[in-house]
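Undergrad: got a sequence here, can you build the structure:
(2 chains)
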Amino acid sequence: MWRWRLPGPLRPGGGQGGLGRITIPEKPKLKFMDKVPAVPKVRREPRQLRDIRGPSEVATDFTEGQYGILALGGGYLHWGHFEMIRLTIGRSIDPKNMFAVWRVPPPSKAVTRKSLGHRMGGGKGPIDRYVTAVKSGRLVVEVGGRCEFGEVEPFLARVAQKLPFPAVPVSRESLQEMRREEEEKRLNNQNPWTFERVVTSNMLGMRKYLSPYDLRLKGRYWGKFFLKHRV
Amino acid sequence: MAALGGGGTRWRRAWLPALQLLRRGSKAVTRHWKAMHLQRQKLMAVTEYLPPRPAVPPRCLPRPSAHGVQEDGQARVLRRQVQDTLSASRMVAVCHYNPMADEDVATFRHYLRKHGIHVKFVLNEIARPVVAQSKFRNLLPLFVSRNILLVSAEPRAREMLRVLRGVPQVILLGAVIDGTILSRRGVENFAQLPSLEVSQGQTVAALSLLPSQTSSLLQQGPARLTALLDEHIRRLRDAGAATEPPTGNH
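TA: From the prediction side, this is the model:
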């Protein structure tokens, strides 16, 4: 197909972390994740929704691949989501030249559910399924190999749309760019009043209406949601 | 009615609003967007991001040349290719190209290739500077929108027109044949001209017509005389033959 426009200037190819050679691992497709862990939990555990709240500390940067899906909100991934991701990415990548890698552990948190139509009481419900908790800013999968972002972006975007939390496909450069923009916004903010400043110095007794977690979250997170537009 | 005091019910002893409010209402992390307290809403509104505003809005400033001096190697190569093509071919036809199916394009190229005509797709942003600086600068207005060049070393206009007539998606705009710029009608007229050999033969024939007539002109007099004499002899012989037998019979 003849292209009627000149392609843009070539950017220096970013290999895996800058390496020249790209090695495709032996099993390039995503590993199968179990529905239930090998040792199923006997004791039902409390809900602990704090594993969804706030920014992620783990898996925030790329390790092996060049492109990935970044979570922009908190949520739980269950086996259905894992299968969807595995099959979609497995269908869309070329195993000879591309590979994909999980950045989330298999489901291990037991979530209970009471049977429908019953009144409150009668104890905690039985274990319904197992889930993985994902916080904002965490990478879910990574894809790498001899491919461009433009090839990978469409199917990653389709996968990202089906996840229970907002997610975007990113590449190493685009993630860096995102972080740089955030930092720039923080530095060139013309508003002298920032959430952080008000909370840390408890101006106007605001801490009466805020949570102690807001000291850490600084107004960018509300529940499981990540407020991207906030500074 | 026991007096309420230290020995009262435990609900009256200590009441912390944080603990009490937690009895009703949802948890911190919910599936829905939890309604914020009004004070918190006000705080969020006050602490929003304000982007920096330059003294002169960028719309009022003159536009900086975005592309500037970025010389692309690929553009250079393509420009060189176009230059070589233009200089090496005797016939260059500029056509407008409407999108066709790939197999139709392949068939079109095949038919033209049989007559030795090459099809070159050109990008206007490369072709325009090249054409402007070469001797074909009057062709510059043709290089708008999607163009292809039909180039060949031999000026095969008739075959080219025949193929183009069968392909309605490619429209001939103009051509340069042997350094002469021709419009569409000019190309059609050029195609109707006989080929070089035929016209040379015709010229030779026209020039040698008079010399070839000279010998016959010169021989015309004596030839007529000879014919007349022959006729006369024949008549005399006939007359002699007619009169003799009667004298022979005496």
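
Undergrad: what's the spacing between stretch B:227-234 and its chain's center?
TA: Once both centres are worked out by C-alpha atoms, centre = their mean, to the nearest Å, stretch B:227-234 turns out to sit 75 Å from its chain's centre.

Undergrad: using PDB, write down the CA coordinates of it.
TA: Extracted as PDB, the C-alpha positions of stretch B:227-234 are listed here (Å, rounded to 0.1, in the frame of the first residue of the first chain):
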ATOM      1  CA  ALA B 227       4.200   4.200 -79.500                       C
ATOM      2  CA  LEU B 228       2.900   6.300 -82.500                       C
ATOM      3  CA  LEU B 229       5.400   4.600 -84.900                       C
ATOM      4  CA  ASP B 230       4.400   1.200 -83.600                       C
ATOM      5  CA  GLU B 231       0.800   2.000 -84.200                       C
ATOM      6  CA  HIS B 232       1.500   3.300 -87.700                       C
ATOM      7  CA  ILE B 233       3.500   0.200 -88.600                       C
ATOM      8  CA  ARG B 234       0.700  -2.000 -87.300                       C
END
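
Undergrad: so the residue nearest the centre of chain A bridges to which residues?
TA: Taking C-alpha atoms, centre = their mean as the criterion, residue A:71 is the residue nearest the geometric centre of chain A, at 2.6 Å. On the basis of DSSP bridges, residue A:71 takes part in beta bridges with residue A:167.

Undergrad: just to check, it is in contact with residue A:135?
TA: Yes. Applying C-beta atoms under 8 Å, one finds residue A:71 in contact with residue A:135, separated by 7.3 Å. Quick note: C-beta positions are derived from backbone N, CA and C, even for glycine.

Undergrad: any shared contact partners between the two?
TA: residue A:56 (C-beta atoms under 8 Å, 6 or more residues apart in numbering or on different chains).

Undergrad: give me phi/psi at residue A:111?
TA: Dihedral pair for residue A:111: phi -120, psi 130, per degrees, to the nearest 10.

Undergrad: quick check: residues of chain B near chain A?
TA: Within chain B, the positions near chain A by C-beta under 8 Å from any C-beta of the partner chain are B:27-31, B:33-34, B:36-37, B:39-40, B:43-44, B:46-53, B:70, B:72, B:74-75, B:102, B:121, B:123, B:125-126, B:146.

Undergrad: coming back round to it: list the contacts of the residue nearest to the centre of chain A.
TA: Contact analysis of residue A:71 by C-beta under 8 Å, 6+ apart lists A:56, A:134-140, A:163, A:165-167.

Undergrad: where exactly do the strands run in chain B?
TA: Here chain B has its strands, by DSSP state E, at B:91-97, B:118-122, B:147-152, B:170-177, B:180-183.

Undergrad: return the list of strands paired to the longest one, each annotated with direction.
TA: Here strand B:170-177 has these sheet partners by DSSP bridges: strand B:91-97 (antiparallel), strand B:180-183 (antiparallel).

Undergrad: among the ones you listed, which is the most enclosed?
TA: strand B:91-97 (a mean of 21; mean count of other C-beta atoms under 10 Å in any protein chain shown).

Undergrad: endpoints of stretch B:90-107, how far apart?
TA: Length of stretch B:90-107, first residue to last, C-alpha to C-alpha, to the nearest Å: 24 Å.

Undergrad: residue A:137 contacts residue A:220, correct?
TA: No. Residue A:137 lies out of contact with residue A:220 (C-beta under 8 Å); the separation is 10.2 Å.

Undergrad: please report how far residue B:210 lies from chain A.
TA: Taking C-beta to the nearest C-beta, to the nearest Å as the measure, residue B:210 falls 57 Å from chain A.

Undergrad: got the confidence number for that residue?
TA: With respect to pLDDT, residue B:210 scores 82.

Undergrad: again with residue A:16
TA: With respect to pLDDT, residue A:16 has a value of 51.

Undergrad: same deal with residue A:8?
TA: 67.

Undergrad: what sits against residue B:177?
TA: Taking C-beta under 8 Å, 6+ apart, we find residue B:177 in contact with B:90-92, B:155, B:157, B:187, B:190.

Undergrad: now do 7 Å
TA: B:90-91, B:155, B:157, B:190 (C-beta atoms under 7 Å, 6 or more residues apart in numbering or on different chains).

Undergrad: filter the residues you listed to the buried ones?
TA: Buried residues within these, counting neighbours by 16 or more other C-beta atoms under 10 Å in any protein chain shown: B:91, B:155, B:157, B:190.

Undergrad: what would those look like in JSON lines with pLDDT?
TA: As requested, these are exported to JSON lines (pLDDT from 0 to 100):
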{"residue": "B:91", "pLDDT": "88"}
{"residue": "B:155", "pLDDT": "83"}
{"residue": "B:157", "pLDDT": "86"}
{"residue": "B:190", "pLDDT": "88"}
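
Undergrad: tell me where the chain has helices.
TA: I went with chain A, as the question did not name one. A:79-92, A:149-162, A:172-187, A:195-200, A:214-217 (DSSP state H).

Undergrad: if you could check chain B rather than the one you did, that'd help
TA: According to DSSP H, the helices that chain B contains are B:10-13, B:17-23, B:38-46, B:73-88, B:102-114, B:124-133, B:157-166, B:184-192, B:196-207, B:209-249.
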